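> The sequence isn't on hand, but the structure is:
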(Lines give C-alpha, C1' and ligand atoms only; values in the text may rest on other atoms or scores of the structure.)
Protein backbone atom coordinates (compact mmCIF):
# COMPACT_ATOMS: atom_id res chain seq x y z
CA UNK A 1 0.00 0.00 0.00
CA UNK A 2 1.26 3.52 -0.84
CA UNK A 3 2.62 5.63 2.00
CA UNK A 4 0.23 8.36 3.15
CA UNK A 5 2.68 11.24 2.47
CA UNK A 6 3.67 10.03 -1.00
CA UNK A 7 0.00 9.50 -1.91
CA UNK A 8 -0.92 12.98 -0.65
CA UNK A 9 2.02 14.47 -2.59
CA UNK A 10 0.87 12.81 -5.80
CA UNK A 11 -2.71 14.05 -5.30
CA UNK A 12 -1.45 17.65 -4.90
CA UNK A 13 -0.49 17.46 -8.58
CA UNK A 14 -4.07 16.78 -9.73
CA UNK A 15 -6.00 19.96 -10.53
CA UNK A 16 -9.71 19.77 -9.72
CA UNK A 17 -12.74 22.03 -9.97
CA UNK A 18 -13.89 23.45 -6.64
CA UNK A 19 -17.52 22.89 -5.64
CA UNK A 20 -19.65 23.68 -2.63
CA UNK A 21 -22.15 20.93 -1.84
CA UNK A 22 -25.27 22.28 -0.13
CA UNK A 23 -28.37 20.72 1.38
CA UNK A 24 -31.21 21.60 3.69
CA UNK A 25 -32.65 19.29 6.33
CA UNK A 26 -35.24 20.04 9.02
CA UNK A 27 -34.95 23.76 8.20
CA UNK A 28 -31.16 23.90 8.62
CA UNK A 29 -28.74 24.60 5.79
CA UNK A 30 -25.50 22.64 5.49
CA UNK A 31 -22.59 23.00 3.10
CA UNK A 32 -19.04 21.88 2.47
CA UNK A 33 -16.26 22.62 -0.06
CA UNK A 34 -15.05 19.65 -2.10
CA UNK A 35 -12.74 19.08 -5.06
CA UNK A 36 -13.74 15.47 -5.65
CA UNK A 37 -16.81 15.89 -7.90
CA UNK A 38 -16.68 14.02 -11.20
CA UNK A 39 -19.13 13.04 -13.91
CA UNK A 40 -19.87 9.32 -13.70
CA UNK A 41 -22.48 8.63 -16.40
CA UNK A 42 -24.56 10.52 -18.93
CA UNK A 43 -27.43 7.97 -18.84
CA UNK A 44 -28.71 8.59 -16.28
CA UNK A 45 -26.85 11.86 -15.61
CA UNK A 46 -24.89 11.00 -12.45
CA UNK A 47 -22.10 12.60 -10.44
CA UNK A 48 -19.78 10.97 -7.93
CA UNK A 49 -17.90 12.62 -5.08
CA UNK A 50 -16.29 11.83 -1.75
CA UNK A 51 -17.37 13.16 1.65
CA UNK A 52 -15.67 12.45 4.98
CA UNK A 53 -18.04 10.33 7.08
CA UNK A 54 -17.55 12.51 10.17
CA UNK A 55 -18.27 15.78 8.32
CA UNK A 56 -21.19 17.79 9.80
CA UNK A 57 -22.53 17.91 6.21
CA UNK A 58 -22.63 14.16 5.66
CA UNK A 59 -25.57 12.96 7.78
CA UNK A 60 -27.93 15.84 6.84
CA UNK A 61 -27.17 15.13 3.14
CA UNK A 62 -27.92 11.43 3.62
CA UNK A 63 -31.08 12.10 5.65
CA UNK A 64 -32.36 14.69 3.15
CA UNK A 65 -31.49 12.58 0.11
CA UNK A 66 -30.98 15.78 -1.94
CA UNK A 67 -28.16 18.24 -2.55
CA UNK A 68 -27.01 20.98 -4.87
CA UNK A 69 -23.55 20.81 -6.40
CA UNK A 70 -22.50 24.44 -6.81
CA UNK A 71 -19.54 24.64 -9.21
CA UNK A 72 -17.58 27.71 -8.13
CA UNK A 73 -16.38 30.42 -10.50
CA UNK A 74 -12.94 31.96 -10.15
CA UNK A 75 -14.56 35.00 -8.46
CA UNK A 76 -15.96 32.79 -5.66
CA UNK A 77 -12.72 31.76 -3.95
CA UNK A 78 -13.83 33.38 -0.67
CA UNK A 79 -16.93 31.15 -0.64
CA UNK A 80 -14.78 28.07 -1.20
CA UNK A 81 -12.55 29.04 1.71
CA UNK A 82 -15.47 29.72 4.11
CA UNK A 83 -17.13 26.37 3.39
CA UNK A 84 -13.78 24.57 3.80
CA UNK A 85 -12.92 26.16 7.16
CA UNK A 86 -14.32 25.00 10.53
CA UNK A 87 -16.57 25.48 12.27
CA UNK A 88 -19.47 24.30 10.11
CA UNK A 89 -22.80 26.01 10.51
CA UNK A 90 -25.51 28.28 9.17
CA UNK A 91 -23.09 31.27 9.29
CA UNK A 92 -21.33 29.92 6.19
CA UNK A 93 -24.33 30.95 4.09
CA UNK A 94 -23.72 34.61 4.99
CA UNK A 95 -20.88 34.50 2.43
CA UNK A 96 -22.11 34.72 -1.16
CA UNK A 97 -25.62 35.19 -2.46
CA UNK A 98 -27.95 32.18 -2.23
CA UNK A 99 -31.38 31.32 -3.59
CA UNK A 100 -33.69 28.46 -2.63
CA UNK A 101 -34.56 25.90 -5.29
CA UNK A 102 -37.98 24.44 -4.43
CA UNK A 103 -39.23 21.21 -5.93
CA UNK A 104 -41.75 18.52 -5.16
CA UNK A 105 -40.29 15.08 -4.56
CA UNK A 106 -41.96 11.70 -4.52
CA UNK A 107 -38.88 10.08 -2.94
CA UNK A 108 -37.91 12.53 -0.18
CA UNK A 109 -39.03 12.20 3.43
CA UNK A 110 -40.48 15.70 3.14
CA UNK A 111 -42.66 16.18 0.03
CA UNK A 112 -41.21 19.65 -0.66
CA UNK A 113 -37.45 19.79 -1.23
CA UNK A 114 -35.79 23.16 -0.58
CA UNK A 115 -32.13 23.42 -1.54
CA UNK A 116 -29.78 26.39 -1.11
CA UNK A 117 -28.12 27.18 -4.44
CA UNK A 118 -25.33 29.70 -5.04
CA UNK A 119 -26.09 32.66 -7.31
CA UNK A 120 -23.56 33.10 -10.15
CA UNK A 121 -21.97 29.69 -9.67
CA UNK A 122 -20.51 28.19 -12.84
CA UNK A 123 -23.27 25.62 -12.52
CA UNK A 124 -25.89 24.48 -10.01
CA UNK A 125 -26.67 20.78 -10.29
CA UNK A 126 -29.67 19.71 -8.21
CA UNK A 127 -29.18 16.05 -7.36
CA UNK A 128 -30.98 13.17 -5.71
CA UNK A 129 -28.56 11.12 -3.66
CA UNK A 130 -28.72 7.62 -5.12
CA UNK A 131 -26.31 5.75 -2.83
CA UNK A 132 -23.32 6.01 -0.56
CA UNK A 133 -20.52 3.49 -0.40
CA UNK A 134 -18.37 3.44 2.75
CA UNK A 135 -14.63 3.26 2.11
CA UNK A 136 -12.04 4.15 4.72
CA UNK A 137 -12.72 7.57 6.21
CA UNK A 138 -15.13 8.64 3.46
CA UNK A 139 -18.32 7.83 1.63
CA UNK A 140 -18.22 7.61 -2.14
CA UNK A 141 -21.53 9.23 -3.09
CA UNK A 142 -23.49 8.73 -6.31
CA UNK A 143 -26.05 11.42 -7.12
CA UNK A 144 -28.45 11.60 -10.06
CA UNK A 145 -28.78 15.07 -11.56
CA UNK A 146 -32.40 16.24 -11.72
CA UNK A 147 -32.01 19.91 -12.70
CA UNK A 148 -29.17 22.08 -14.08
CA UNK A 149 -28.50 25.82 -14.21
CA UNK A 150 -25.27 26.79 -16.00
CA UNK A 151 -23.42 29.98 -16.82
CA UNK A 152 -22.59 30.72 -20.45
CA UNK A 153 -19.08 31.79 -19.42
CA UNK A 154 -16.62 29.05 -18.47
CA UNK A 155 -14.31 30.29 -15.70
CA UNK A 156 -14.13 27.66 -12.94
CA UNK A 157 -12.19 27.91 -9.69
CA UNK A 158 -9.54 25.20 -9.53
CA UNK A 159 -7.64 23.60 -6.65
CA UNK A 160 -4.12 22.26 -7.11
CA UNK A 161 -1.06 21.88 -4.88
CA UNK A 162 -2.97 23.05 -1.80
CA UNK A 163 -4.22 26.35 -3.23
CA UNK A 164 -6.83 27.92 -5.51
CA UNK A 165 -6.10 28.74 -9.15
CA UNK A 166 -7.96 29.87 -12.24
CA UNK A 167 -8.06 28.41 -15.71
CA UNK A 168 -6.02 30.46 -18.16
CA UNK A 169 -7.77 31.39 -21.43
CA UNK A 170 -6.46 29.71 -24.58
CA UNK A 171 -3.38 31.42 -25.96
CA UNK A 172 -4.21 34.62 -27.83
CA UNK A 173 -7.83 34.83 -26.59
CA UNK A 174 -9.20 37.31 -24.04
CA UNK A 175 -11.06 35.92 -20.99
CA UNK A 176 -14.83 35.43 -21.44
CA UNK A 177 -17.10 37.76 -19.46
CA UNK A 178 -20.74 36.76 -20.06
CA UNK A 179 -22.81 36.09 -16.92
CA UNK A 180 -26.07 34.72 -18.35
CA UNK A 181 -27.78 31.74 -16.73
CA UNK A 182 -29.49 29.11 -18.81
CA UNK A 183 -31.72 26.40 -17.42
CA UNK A 184 -31.40 22.87 -18.72
CA UNK A 185 -33.91 20.38 -17.39
CA UNK A 186 -33.44 16.65 -17.60
CA UNK A 187 -35.80 15.18 -20.19
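Sure, I can see it. Nothing here was measured: the structure is a model prediction, and the numbers come from that model.
> hang on, residue 87 is in a strand, isn't it?
No - counting by DSSP: H, G, I helix; E, B strand; the rest coil, residue 87 is not part of a strand but coil.
> Which stretches in the chain count as strands?
Using DSSP state E, the strands of the chain run over 16-17, 19-25, 28-34, 38-41, 46-52, 66-71, 98-104, 112-118, 123-135, 138-151, 157-160, 163-166, 181-185.
> and the ones you listed as TSV, adding mean neighbour count and mean pLDDT?
C-beta here means a position set from N, CA and C on the backbone, and glycine is covered the same way. Below are the strands of the chain laid out as TSV (neighbours: other C-beta atoms under 10 Å; pLDDT from 0 to 100):
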stretch	mean neighbour count	mean pLDDT
strand 16-17	16	96
strand 19-25	25	97
strand 28-34	21	98
strand 38-41	12	98
strand 46-52	18	98
strand 66-71	26	98
strand 98-104	13	92
strand 112-118	20	93
strand 123-135	18	98
strand 138-151	19	97
strand 157-160	19	96
strand 163-166	14	94
strand 181-185	10	35
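> Looking at these, which is nearest to residue 58?
strand 46-52 (5.1 Å; C-beta to C-beta).
> what's the closest one packed up against?
Judged by 3 or more C-beta pairs under 8 Å, 6 or more residues apart in numbering; DSSP states H and E, the packing partners of strand 46-52 are strand 19-25, strand 28-34, strand 38-41, helix 58-64, strand 123-135, strand 138-151.
> Any chance of these in a markdown table with distance to residue 13 as columns?
Listed next are those as a markdown table, based on distance: least, C-beta to C-beta, whole Å:
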| stretch | distance to residue 13 |
| --- | --- |
| strand 19-25 | 20 |
| strand 28-34 | 18 |
| strand 38-41 | 17 |
| helix 58-64 | 27 |
| strand 123-135 | 22 |
| strand 138-151 | 20 |
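> which stretch among these comes nearest residue 92?
Using C-beta to C-beta, the nearest of these to residue 92 is strand 28-34, at 5.6 Å.
> List the neighbouring strands of that closest one plus their orientation.
Looking at strand 28-34 with DSSP bridges, its partner strands are strand 19-25 (antiparallel).
> Quick one: neighbours of residue 45, just the number.
16 (other C-beta atoms under 10 Å).
> Just give the closest residue to it, not the sequence neighbours.
Of all residues not flanking residue 45 in the chain, residue 145 sits nearest, at 4.1 Å (C-beta to C-beta, 6 or more residues apart in numbering).
> mind checking how far stretch 66-73 is from the chain centre?
The chain centre lies 4 Å from the centre of stretch 66-73; the measure is C-alpha atoms, centre = their mean, to the nearest Å.
> Sounds good, over and out.
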